[in-house]
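# model the structure of this input:
(chains A, B, C and D)
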Protein chains: 2
Amino acid sequence: MSGNLTLDRPLVNMDASHRAGIRNRLLGKLSPKDWSLLQPHLEAVSLRERQVIEAPQKPIAHAYFLEIGVASVVAVDNEDHRIEVGVIGYEGVTGVPLIMGDNRAQHSTYMQIPGSGHRIAADRLCAAIEDSPSLRSLLLKSAQGFMIQTAHTALANGRAKLEERLARWLLMAHDRMTSNAVPLTHEFLAVMLGVRRAGVTVAIHSFEQRGFVTTRRGELTVVNRPGLERVAGSFYGTPEAELERLLGTV
Amino acid sequence: MSGNLTLDRPLVNMDASHRAGIRNRLLGKLSPKDWSLLQPHLEAVSLRERQVIEAPQKPIAHAYFLEIGVASVVAVDNEDHRIEVGVIGYEGVTGVPLIMGDNRAQHSTYMQIPGSGHRIAADRLCAAIEDSPSLRSLLLKSAQGFMIQTAHTALANGRAKLEERLARWLLMAHDRMTSNAVPLTHEFLAVMLGVRRAGVTVAIHSFEQRGFVTTRRGELTVVNRPGLERVAGSFYGTPEAELERLLGTV
DNA sequence: CGTATGTCGTACGCTTCCGTACTGAAAAAG
DNA sequence: CTTTTTCAGTACGGAAGCGTACGACATACG
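Coordinates of the predicted model:
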């Protein structure tokens, strides 16, 4: 009934291989050898609200293994249409194209919820991937998980109603957060979902009246996660379960 | 003004590295060494209309390098919502998860426009990928191209109108065809776009009146490609250009 | 050749969501 | 404390597309 803290969140998995001081699931899953390959090049960084991680059509300078916070990956076209195609938190890493052997960012990536992480220079990461099949395998599975998320976003965008999509987004953000409070304005939620700001306001209102969330100016708090899960239905869950499977078999 | 045949289609690139008797761009781009790695395991197959290539949650048996025809990759959830997240033709290969080190299909993949190709057993392909960095690099870039296509589909699903999305779909299919005739019913187009069948009928009607296509029962012929491109605007083009870039630098 | 089936054209009321815009309230800036 | 800015609530007309459904044709099949 609560959904409090991190206990019942699918993505949280404090398994045995957890590395001390590291929350990022990928870093935590590295073999000692792979860890020693990356560790010297990792730089701890704090990530401000709206901080740009990647810009479209520009080279990717660093990959960020997030510890805290949520990054948005937003597709943009030449006519300035934009929509979020995926989110990344402590379960993953930014710079998916690097893993695919490309060094150019296709999308705009920036911190939606501020936090921190460890970054590594793009060429260092690529070199490490070349050297270590096990590292490559892990990162490829993470990239595959992200692809599945993007495909599901396409499904939700084409088939779901605004409320369902908003519930899905809140759940995905909640999975990646340490608190239940989402520090975001309706405006930003609207940009990510590709809908009207006023539409988000109304939907949040409905959630609030049903007791799923409480709100303050610029902040929304999840108080009934199962309620949101019921709204999102099967638009939420599949990518999360698949990521579990992918990272579970590494 | 015509868009006739294959001359002005972005994806068609009869470059020097073209292998005799092979239309598939990936196979055509293989180094002699990589070709000799795969060739013994390739099996020429003809692909019927609606033939299933992959089923959700099932192991992937073969990867298909298409020569002729178009395959649809369709995301499905537990509540039977479904929508196409990408198409594959002679420019690519099915079984993207195999390239990512996963052997399970996430989506439903089937021939939308019948044709032919060369297939290879999943484990053979994976073994070859392990052995050859150059093959791996090529296939990863192809997978990256597919990811970009999926992300753009998410953008179109969230932002574009029915007519824009239909024009985009027709252009993507046209890119991958040897004729201008698309042998598909409105019903199937509707399923792929995730819209009403009647909505497709009306949109096609409008295209017909504007002289972009002609229609027969169960078939639609593109007669003014630039017209469709104008309708699709920037919802079409970016993934195609990016694929060119990705495959051009291999 | 007649019938079943698939395909298309069309229509109607309805839902969802958009575009726009104004207002009050909260927070930040001065 | 006052001013300015940002954010949230609300409203209205309208567009897009849905669910449903019915009839008219083609085409395939018996």
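
# tell me where chain A has helices.
A:25-29, A:32-38, A:96-99, A:122-131, A:133-159, A:162-175, A:186-193, A:197-209, A:225-232, A:238-248 (DSSP state H).

# which of those helices sits closest to chain B?
helix A:133-159 (3.6 Å; CB to the nearest CB). For the C-beta atoms, the positions are set from N, CA and C on the backbone; glycine is no exception.

# and that closest one, how far from the chain's centre?
Centre-to-centre, helix A:133-159 and its host chain are 11 Å apart (CA atoms, centre = their mean, to the nearest Å).

# and if you look at stretch A:21-40?
Per CA atoms, centre = their mean, the centroid offset for stretch A:21-40 relative to its chain is 19 Å.

# also stretch A:61-80?
9 Å.

# name whatever forms a beta bridge with the most centrally placed residue in chain A.
Closest residue to the average C-alpha location of chain A: residue A:88 at 2.0 Å, with CA atoms, centre = their mean. Note on residue A:88: beta-bridge partners by DSSP bridges are residue A:71.

# I'd say it and residue A:146 touch.
Yes. Counting by CB atoms under 8 Å, residue A:146 is a contact partner of residue A:88 at 7.2 Å.

# near DNA strand C, which residues of chain A show up?
A:161, A:162, A:163, A:194, A:195, A:196, A:197, A:198, A:199, A:216, A:217, A:218 (CB under 7 Å from any atom of the strand).

# mind doing that once more with 6 Å?
Contact residues (CB under 6 Å from any atom of the strand) of chain A with DNA strand C: A:161, A:162, A:195, A:196, A:198, A:199, A:216, A:217.

# shaky segments in chain A?
Scanning chain A for pLDDT under 70 picks out the ranges A:1-17, A:249-250.

# which one in it is furthest away from the centre?
residue A:209 (27.6 Å).

# how close does that residue get to DNA strand D?
10 Å (CB to the nearest atom of the strand, to the nearest Å).

# now do residue A:175
Taken as CB to the nearest atom of the strand, the span from residue A:175 to DNA strand D is 22 Å.

# repeat for residue A:170
Distance, residue A:170 to DNA strand D, by CB to the nearest atom of the strand: 14 Å.

# please parse chain A into its domains.
Domains of chain A are assigned by automatic domain parsing as A:25-158, A:161-235.

# starting at the chain centroid, how far to stretch A:99-117?
Worked out by CA atoms, centre = their mean, stretch A:99-117 lies 10 Å from the chain centre.

# related to what we said a few turns ago, just the domains of chain A: most buried one?
Using mean count of other CB atoms under 10 Å in any protein chain shown, the stretch among the domains of chain A with the largest mean neighbour count is domain A:25-158, at a mean of 21.

# straight-line length of it, end to end?
Domain A:25-158 has an end-to-end distance of 31 Å (CA to CA, to the nearest Å).

# just checking the distance from that domain to the centre of its chain.
For domain A:25-158 - counting by CA atoms, centre = their mean - the centre lies 9 Å from the chain centre.

# touching DNA strand D at all, that domain?
No. Using CB under 6 Å from any atom of the strand, domain A:25-158 stays clear of DNA strand D, with a minimum separation of 8.4 Å.

# which residues does the residue farthest from the centre of chain A contact?
Contacts for residue A:209 (CB atoms under 8 Å, 6 or more residues apart in numbering or on different chains) come out as none.

# same question for residue A:48.
A:111, A:114.

# same question for residue A:213.
Going by CB under 8 Å, 6+ apart, residue A:213 touches A:170, A:204, A:207, A:220, A:221, A:222, A:223, A:224, A:228.

# same list, the residues you listed, but as a markdown table with distance to residue B:44 please.
Output for the contacts of residue A:213, formatted as a markdown table (distance: CB to CB, whole Å):
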| residue | distance to residue B:44 |
| --- | --- |
| A:170 | 50 |
| A:204 | 56 |
| A:207 | 55 |
| A:220 | 56 |
| A:221 | 59 |
| A:222 | 54 |
| A:223 | 59 |
| A:224 | 57 |
| A:228 | 50 |
